[in-house]
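[1] Sharing a sequence plus its predicted fold:
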Amino acid sequence: MSTILLVTGTGTEIGKTVTTAAVAALARAAGRSVAVLKPAQTGMAPGEPGDLSEVLRLAGEVTVSELGRFPEPLAPATAAARSGLPPVTPRQTAAEAARLAEGHDLVLVEGAGGLLVRFDAAGTTLADVPAELAALGHRAEALVVVTAGLGTLNTAALTAEALRARSVPLHGLVIGGWPEAPDLAMRCNLDDLPVVADAPLLGALPENCAGPGVTADAFLPVARASLAPALGGVWTRPEA
């Protein structure tokens, strides 16, 4: 059966798209067929390159799908309401993920912002997608992208708690931006993050590893070095 991973985070602009691309790149390198679904893209006009364009640049040839696009850089529910366009729903998202799963070994569903950012006025979120998938006979797990420094333990713990409350399995955590010279808090967080989230730390992607000039060929070894074997890489947690 196809693997479905929800790539979410503890906030916005923390490396979800780069993490999605890294997981996709390693899966492709292992010979797996990959699809990436972006339910709601905000802050982008029609035809403008968005997160899926970045995934294609960094991961190479994967199937991509986008369900809704809203021009203002806001939460999906707010952006949809202000644009006058219909919001994306968890049911739509699950249906598309299930469709993609029929023809791919791995489906990555990249959320917008954090886990509980609202899709619509009813208050549904990405966290509601696994229940909709279960009704379709599919199982999904979450991969949570976190920050490296002070404050990350609280947001990681809250996100993990929200997933547990909805019976959504937490596959693991990935640090979306690891600096060349980490401070004491960051080094300690390597040990503390798995404890507070009760889930493995599965990698740490270097800051600025996916700049505009980075190609898929150049990105693949970075992804391999930065993600753990559970995601297809060789990374192991360094000593704090």
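    That came in fine, so what should we check first? A quick note: this is a predicted structure, and the numbers were derived from the prediction, not measured. Numbering: from 1, shown residues only.

[2] how far away is Pro221 from Val214?
    Distance from Pro221 to Val214, counting by Cβ to Cβ, to the nearest Å: 11 Å. Placement of C-beta: from N, CA and C, glycine included.

[3] In the chain, where is pLDDT below threshold?
    1, 240 (pLDDT under 70).

[4] Show me the helices in it, by range?
    16-29, 51-59, 76-83, 90-101, 129-135, 152-165, 184-197, 216-226 (DSSP state H).

[5] what's the spacing between the fourth one and its chain's center?
    Shown here is helix 90-101, whose average C-alpha point lies 16 Å from the average C-alpha point of the whole chain (Cα atoms, centre = their mean, to the nearest Å).

[6] Same question for the first one.
    Average the C-alpha atoms of helix 16-29, do the same for its chain, and the two points are 9 Å apart (Cα atoms, centre = their mean).

[7] Quick one: list the elements packing against it.
    strand 3-9, strand 34-42, helix 51-59, strand 106-110, strand 140-146, strand 170-178, strand 201-206, helix 216-226 (3 or more Cβ pairs under 8 Å, 6 or more residues apart in numbering; DSSP states H and E).

[8] For Gly176, which of the helices of the chain is the nearest?
    Of all the helices of the chain, the one in closest proximity to Gly176, counting by Cβ to Cβ, is helix 16-29 (5.7 Å).

[9] what's the angle from the closest one to helix 51-59?
    Interaxial angle of helix 16-29 relative to helix 51-59 (axes from the mean of the first three to the mean of the last three Cα atoms, to 10 degrees): 50 degrees.

[10] Can you report how many residues lie near the nearest residue to Val23 once chain neighbours are set aside?
    Closest residue in space to Val23, ignoring its immediate chain neighbours: Leu231 at 5.5 Å, by Cβ to Cβ, 6 or more residues apart in numbering. Around Leu231 there are 22 other residues, counting by other Cβ atoms under 10 Å.

[11] Contacts only, for Leu231.
    By Cβ atoms under 8 Å, 6 or more residues apart in numbering, the contact set of Leu231 is 22-23, 26, 172, 174, 202-203.

[12] Mind doing that once more with 7 Å?
    23, 26, 202-203 (Cβ atoms under 7 Å, 6 or more residues apart in numbering).

[13] ok, the residues you listed vs Arg69, which is closest?
    Checking those one by one against Arg69 (Cβ to Cβ), the nearest turns out to be Val23, at 23.0 Å.

[14] ok so, going back, specify which residue of Pro221 and Val214 has the higher count of neighbours.
    Under the neighbour definition other Cβ under 10 Å, Pro221 and Val214 were set side by side, and Val214 has more, 16 against 12.

[15] Can I get the helices and strands packed on helix 16-29 in a markdown table including distance to Asp191?
    Converted to a markdown table, those look like this (distance: least, Cβ to Cβ, whole Å):
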| stretch | distance to Asp191 |
| --- | --- |
| strand 3-9 | 21 |
| strand 34-42 | 31 |
| helix 51-59 | 29 |
| strand 106-110 | 27 |
| strand 140-146 | 14 |
| strand 170-178 | 12 |
| strand 201-206 | 9 |
| helix 216-226 | 18 |
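
[16] deepest of those, which one?
    strand 106-110 (a mean of 27; mean count of other Cβ atoms under 10 Å).

[17] and that one, what other elements does it pack with?
    Applying 3 or more Cβ pairs under 7 Å, 6 or more residues apart in numbering; DSSP states H and E, one finds that strand 106-110 contacts strand 3-9, helix 16-29, strand 34-42, helix 90-101.

[18] Report the inter-axis angle for it versus strand 140-146.
    Using the same axes, to 10 degrees: strand 106-110 against strand 140-146 is 50 degrees.
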